[in-house]
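Q: here is a sequence with its predicted model. Questions after.
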Amino acid sequence: MKYLVKKIITLIMTLFLVSVLAFLAFQIIPGDVVTSILGTEATPEREEALRKELGLDLPPVVRYFSWAGNVLKGDFGNSYRFSKNMNQMMPVAELIGDKLPVTLLLAAISMVLIAVIAIPLGVFWARSKNRFLDAVLSMGTQTAMAVPSFFLGVLVTYLFGILLKWFSPGGYVSYKEDFWGCISYLLFPAISVAIPKIAMTARFLRNSMLTENGADYVRTAYSKGASERRVAYFHVLRNAMMPVVTFLGMIIAEIVAGSIVVEQVFGLPGIGKLLISSISTRDFPVVEILILYITFVVIFVYFLVDVLYRVIDPRISNK
Amino acid sequence: MIKIENLSVAFDGPEVVKNVSFTIGDGEILGVVGESGSGKSVTALTMMGLVSETARVTSGRIYYDDQLLLEAGTPRNNALYREYQGQKMSMVFQEPMTSLNPTMKVGAQVEEVLILHDKKSQDGNVAQGEEKKGSKEKAGLTEWIRERDAIKERRRQRVLEALRSVGLKDVEKLYDCYPHQLSGGMRQRVMIAIAVILHPGLIVADEPTTALDVTIQNQIIDLLRKINHEQKNSLLFITHDLNLARTLCDRILVMKDGEIVEEGNTEEIFGDPRGDYTKKLINAVPGRTGKKKSAYQKRREARKEEEGAQGKALLEVKDLSVFYRENANSLFGKTVKKCVVHHADFSVYEGEILGLVGESGCGKTSLSKAILGLNRMVEGSVTHFSNAPQMVFQDPYGSLNPAKTVGWLLQEPLRAQGMLDPSKAMTPKDREAAAYEMLRMVGLKEKYFTRRPSQLSGGQRQRISIGQALITRPGLVIADEPVSALDVTIQAQILELIRKLQDDLGTSFLFISHDINVIYQVCDRIMVMKDGKILEIGETEEIFAHPRNAYTKELLK
């Protein structure tokens, strides 16, 4: 309980710090949202009017606190850039709420793929004594890790979309209209996201298991008459998972924060795509919330990793 | 029971076990004695079928009763071995701290042996249950579950029984503990419980007490003897410690460089050793007799008789308490100060070797760190009357920078001294000369000057460490377990060297060790420490003859 309270306080403090830093960054970087909206040809009067409308004429400190106060009340503000229709501003919450499920679904599918494929592959690889197989896996994973994700996206699109016609590239259906259709479309970007991560995780797990294989308790297990299979799954895997869990945590955080490139390649209306366009148009309210979201995700995932650590290794919880 | 014929084992290079033949009789305790690298562990691991797959058996056969277990030229039959491992032969390893799976409960780890080998009775029951389950009658299913629970409960009781039989208390609670919650001695008892639960005909114990404290060591040896007595199984006891082998074993093999150099009854070997190596080994064991006094020690004693005083104090420790911060790993955690040394009060006098003896965790190292100022969380006072005390560490493998040459390493303290105090700075030429001289003083030839630590043996490295400590001619050297990582014969040489250097240079030593016999051999005075408290200080002979404290008496047993 005490542990949980500590974690929550850390989370709040970090969020505050990050929001200040993001705000400061926006003060420093060149570029002006007003010019970005009106273009360079606008008259100074119009610019002034818009500035006033958006509240940009106030001093930065006042602006930060009024924004922070609103956020605490649950009002994330309106986007500078997007609008619902001619008369209505686009609330940031609605804008992000629309795109978040896409990214989360993509992340969930990728994670399932990674966990389901990488862990058995890693164990299998660690146990295989076949030199040829070892070389093939080694080369294969190395290649998968080296290929840049946009190229992988293109490759997946070409193979599954154009050659095999398992999905129609660019034909994304919203999850609101057809949930399963959306999932089956997302499977392919998820594959592009997952392939390099699978390679890394499998490689990492294999190395971790090979290191653990030299541990004394493994010899003890053999001395009891346990088979190699039993030793691998019963004794070594759990201990070898420790570093892998940390690694998986880093991957989850990365994916949930939005796979910018893959979203772009597959034309997915996700968080990553939104982040890029908002930064380039200086859409401060959107960017700020997105950064807070990413920070939250990263800290939360690390918290989960911490909890998982305690589950796997009894030595930690007793400290 | 066990018959090994002409066994040779090689890894990548030359054979590490050469043509070894021996038998172990029913109920016999056979000791295998030798220094590190003598092939004793490889022989045992090969016999157990546990040696790594890179090892090749180049000749010989191993029989268990009349069953051929292993033959050179044919690959190891792992399936056959699995039948024997745990059930008919089992092994206790050296490292109790790492030999148990850290993520598995103790009970489950003992139980695993039963699960692996008690298949017969279980399978029968499970098959029966399966049948009933197949009939899909509700009563059958509950009965099947009840049956299974009964098997589980029987197994649990057997595990608890085994844990109790190795002298563990509170076994119900222990069953659900993880290894890290247990002390080293308790873990070793759990390992022994794993080894004996199925009453195998042979138990192999590979240095089972080396990592344990002396008092725990004796308990484990007693336990092994008791098990051998009650269960009538054979025991193969591997050790580098001749005293241990002598107290426990019926028969002893002495191994050197992969060969058996002597074999015989314990009394024969110790009473009338034939081989030169055996004699050397027996003589090297630090005993409590035949202590040679160095000229310096004689002078010290003479002076003491004349003046009735200890001489000048080089180090005065007054009412010193040392604390450690119990680490709080987070921003909000409270740091707790933990006292590891309570009110230490002693002095080190000019030209003496003061021994500090105690078990692991008693605060020996914390005390030495506090004296050197490496730990500032202290109360009380430490006063040095000599300049720049130096330190010699336990691990000769880790404490020398592997990237530098011996000559560089020896000069480093001089360079540091020159930087701290420009008046003492030496020219590079003088430094080199000093390093060469020190090399000679620690008994190494000049050719070692350009070698790197990786090209030296453990004993040679420890000589370099000692040379490093002495090259600035400090008044006081703190030696923290300087010989405990070394083999007995090397150990004897290093002790000899320390005495010789004390004689030549008149340096005082604070000599820290857990081994009371080593302490006896080198020290003028002894300080006994337990749980952070100094229990007794006195002249070596005095303490050995008339220990006052109960703990000292136990140590001396």
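A: Good, I have the coordinates. All values derive from a computational prediction rather than experimental measurement.
Q: tell me the contacts of B:Thr43?
A: Neighbour list for B:Thr43: B:4, B:7, B:9, B:17, B:20, B:32, B:255 [criterion: C-beta atoms under 8 Å, 6 or more residues apart in numbering or on different chains]. Glycine gets a C-beta too; all of them are placed from N, C-alpha and C.
Q: so it: helix, strand or coil?
A: With DSSP: H, G, I helix; E, B strand; the rest coil as the basis, B:Thr43 sits in helix.
Q: ok, it to chain A distance?
A: To chain A, B:Thr43 is 15 Å away according to C-beta to the nearest C-beta, to the nearest Å.
Q: B:Tyr175 contacts B:Val159, doesn't it?
A: Yes: counting by C-beta atoms under 8 Å, B:Tyr175 does reach B:Val159; the two are 6.7 Å apart.
Q: lowest-pLDDT helix or strand in chain B?
A: helix B:119-134 (a mean of 48; mean pLDDT, DSSP states H and E).
Q: please identify the buried residues of the following helix or strand past that helix?
A: Sequence-wise, the next helix or strand downstream of helix B:119-134 (DSSP states H and E) is helix B:138-165. Residues B:144, B:151, B:155-156, B:158-160, B:162-163, B:165 are the ones in helix B:138-165 that count as buried (16 or more other C-beta atoms under 10 Å in any protein chain shown).
Q: one step back: now, of the contacts of B:Thr43, which are buried?
A: Of those, these count as buried by 16+ other C-beta under 10 Å: B:4, B:7, B:9, B:17, B:20, B:32, B:255.
Q: now the closest residue to the third one other than its chain neighbours: phi and psi?
A: Nearest residue to B:Val9, sequence neighbours excluded (C-beta to C-beta, 6 or more residues apart in numbering or on different chains): B:Val17, at 4.2 Å. Main-chain dihedrals, B:Val17, degrees, to the nearest 10: phi -120, psi 120.
Q: which residues touch B:Val17?
A: B:7-9, B:39, B:42-43, B:46, B:258.
Q: would you list the phi and psi of B:Ala479?
A: Dihedral angles (degrees, to the nearest 10) for B:Ala479: phi -110, psi 110.
Q: count of residues packed around it?
A: 27 (other C-beta atoms under 10 Å in any protein chain shown).
Q: cool, B:Thr365 as well?
A: 21.
Q: burial of the residue lying closest to it once chain neighbours are set aside, as a residue count?
A: Computed as C-beta to C-beta, 6+ apart, the closest residue to B:Thr365 that is not its neighbour in sequence is B:Asp480, at 5.9 Å. Neighbours of B:Asp480 under the rule other C-beta under 10 Å: 20.
Q: poorly predicted segments of chain B, please.
A: By pLDDT under 70, the weakly predicted segments of chain B are B:119-139, B:288-310, B:326-335.
Q: in the longest strand anywhere in chain A, what's buried?
A: Of all the segments of type strand in chain A, defined by DSSP state E, the longest one is strand A:78-83. For strand A:78-83, burial by neighbour count (16+ other C-beta under 10 Å) applies to A:78-82.
Q: show me what it packs onto, helices and strands only.
A: Packed against strand A:78-83 by the contact rule (3 or more C-beta pairs under 8 Å, 6 or more residues apart in numbering or on different chains; DSSP states H and E) you find helix A:33-38, strand A:89-91, helix A:92-127, helix A:271-280, helix A:284-312.
Q: out of the ones you listed, the one nearest chain B is which?
A: helix A:284-312 (6.5 Å; C-beta to the nearest C-beta).
Q: and that closest one with helix A:92-127, angle?
A: Relative orientation of helix A:284-312 versus helix A:92-127 (axes from the mean of the first three to the mean of the last three C-alpha atoms, to 10 degrees): 30 degrees.
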